[in-house]
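Chemist: Predicted model and sequence below, questions to follow.
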Amino acid sequence: MGRRAADAPLEGTPASTSGNDLGLFKPSTSLAKKLRKVIHLKEDATTIRKASKSSLTEKQKDRNFNDVRRGLFKSWEVAVTNQLLNSGKVVICRSNEEFLDRMVEDEYAKDPSKSKEEIRQQLIDEGLDQGTNAIYDEKTGKVYINGENVDEGEAGAVLAYEIGVHAAKDSEFNELIGGIENRVEVLMKKGLKSKKPAERRFWEDVKRRMDGARVSNNEERLVYFLEVYTKRNDVVPQSERSVFDQIAGVLKNGFSWY
């Protein structure tokens, strides 16, 4: 299996999940196809990606790192973000070059059967030197976020999308996340009929994004739930917050297994 790149938006995040609640997550064909593409957060499909080379100073690179981390703190909370970063399963790269360099080093450490030069060329052939926002790399089991392309406001959504990629590709993780998808489906059906304006607007936003992408399955629903949640940060109904807390808990505990 290879890497799965993604720059599409996503937001939201849950916190803990008990084993009794969980089901089995099976990615749809449409999602599997989607995950094979490099998708940009920018809604305009014609957006030109940044060149792979940059002239950033060290101070600018450090600012990129801090901006992304601050964005993750806001969307995913400090404890969960620190857990993911400290586990090494989420890597914030400060520039386009560092994004590629980290993947080369990590893939080589995992499997030295290929030289670093061969690995780098393969990544370049896949277009990953051209300013990809983020990627979940199946070979290393890590999510890499490119701080040169992702700003503070996008960081939570970018990570959420990559978590969706991870869930679709990792058997252990998708067993944990499966039951949450079913809960999101039920909440959405109720939320669209809710007499509470804030709750109804939340789910109407999720539905609008799903309709725009022409998807209706549970795994895509979870992706767009996370997208809307992280963009709204704390301005969400309590029922949706509890789902986010559940997912965040799965991430916090699940990544520590590796």
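Modeler: Arrived safely, thanks for sending.
Chemist: From residue 76, how far off is the residue nearest to residue 90 when sequence neighbours are not counted?
Modeler: Excluding the flanking residues, the one nearest residue 90 by Cβ to Cβ, 6 or more residues apart in numbering is residue 84, at 4.1 Å. For every residue, glycine as well, the C-beta is placed using N, CA and C. Here the criterion is Cβ to Cβ, to the nearest Å. By it, residue 84 lies 8 Å from residue 76.
Chemist: repeat for residue 129
Modeler: Distance check for residue 129 against residue 76: by Cβ to Cβ, it reads 28 Å.
Chemist: Out of these two, name the residue with the larger neighbour count.
Modeler: When neighbours are counted by other Cβ atoms under 10 Å, residue 129 and residue 76 differ, and residue 76 comes out ahead with 31 against 19.
Chemist: pretty sure that one contacts residue 159?
Modeler: Yes. Using Cβ atoms under 8 Å, residue 76 is in contact with residue 159, at 6.8 Å.
Chemist: Now the common contact residues for these two.
Modeler: residue 84 (Cβ atoms under 8 Å, 6 or more residues apart in numbering).
Chemist: hang on, the residue nearest to residue 90 packs against residue 91?
Modeler: No. Look at residue 84 against residue 91 with Cβ under 8 Å: they stay out of range, at 9.6 Å.
Chemist: list the contacts for residue 123?
Modeler: Residues in contact with residue 123, defined by Cβ under 8 Å, 6+ apart, are 100, 103, 104, 129.
Chemist: Specify the local secondary structure of the last one.
Modeler: The three-state label given to residue 129 by DSSP: H, G, I helix; E, B strand; the rest coil is coil.
Chemist: And it, how far from residue 226?
Modeler: Per Cβ to Cβ, residue 129 is found 28 Å from residue 226.
Chemist: ok, now residue 218?
Modeler: Taking Cβ to Cβ, one finds residue 218 at 13 Å from residue 226.
Chemist: ok, back up a step: who's more crowded, residue 84 and residue 91?
Modeler: Neighbour totals were compared for residue 84 and residue 91, and residue 84 leads with 23 against 20 (other Cβ under 10 Å).
Chemist: Is the more buried one located within a helix, as I assumed?
Modeler: Yes. Counting by three-state DSSP, residue 84 is part of a helix.
Chemist: list the buried ones in the one helix or strand residue 120 maps to?
Modeler: Using DSSP states H and E, residue 120 sits in helix 116-125. Residues of helix 116-125 classed as buried: 119, 120, 123 (neighbour count, 16 or more other Cβ atoms under 10 Å).
Chemist: Please apply the same query to stretch 139-146.
Modeler: Neighbour counts using 16+ other Cβ under 10 Å place 140, 141, 142, 143, 144, 145, 146 of stretch 139-146 among the buried residues.
Chemist: in what helix or strand does residue 136 lie?
Modeler: Taking DSSP H and E as the criterion, residue 136 maps to strand 134-137.
Chemist: what mean pLDDT would you report for that strand?
Modeler: Average pLDDT, strand 134-137: 90.
Chemist: and if you look at stretch 155-170?
Modeler: Averaged across stretch 155-170, pLDDT comes to 73.
Chemist: Adjust the sequence numbering to begin at 7 for everything that follows.
Modeler: Okay, residue one is now 7; in that scheme the one you just asked about reads as stretch 161-176.
Chemist: got the residue ranges for the strands in the stretch 7-156 of the chain?
Modeler: For the stretch 7-156 of the chain, the strands defined by DSSP state E, counting those that start in this stretch occupy 9-11, 96-99, 140-143, 148-152.
Chemist: Dump those to TSV, plus distance to residue 67.
Modeler: Shown next, in TSV, are these (distance: least, Cβ to Cβ, whole Å):
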stretch	distance to residue 67
strand 9-11	21
strand 96-99	9
strand 140-143	17
strand 148-152	11
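Chemist: and the spatially closest residue to residue 209 that is not a sequence neighbour, how far is that from residue 188?
Modeler: Leaving aside its chain neighbours, residue 209 sits nearest to residue 197 (3.5 Å; criterion: Cβ to Cβ, 6+ apart). Residue 197 sits 15 Å away from residue 188, going by Cβ to Cβ.
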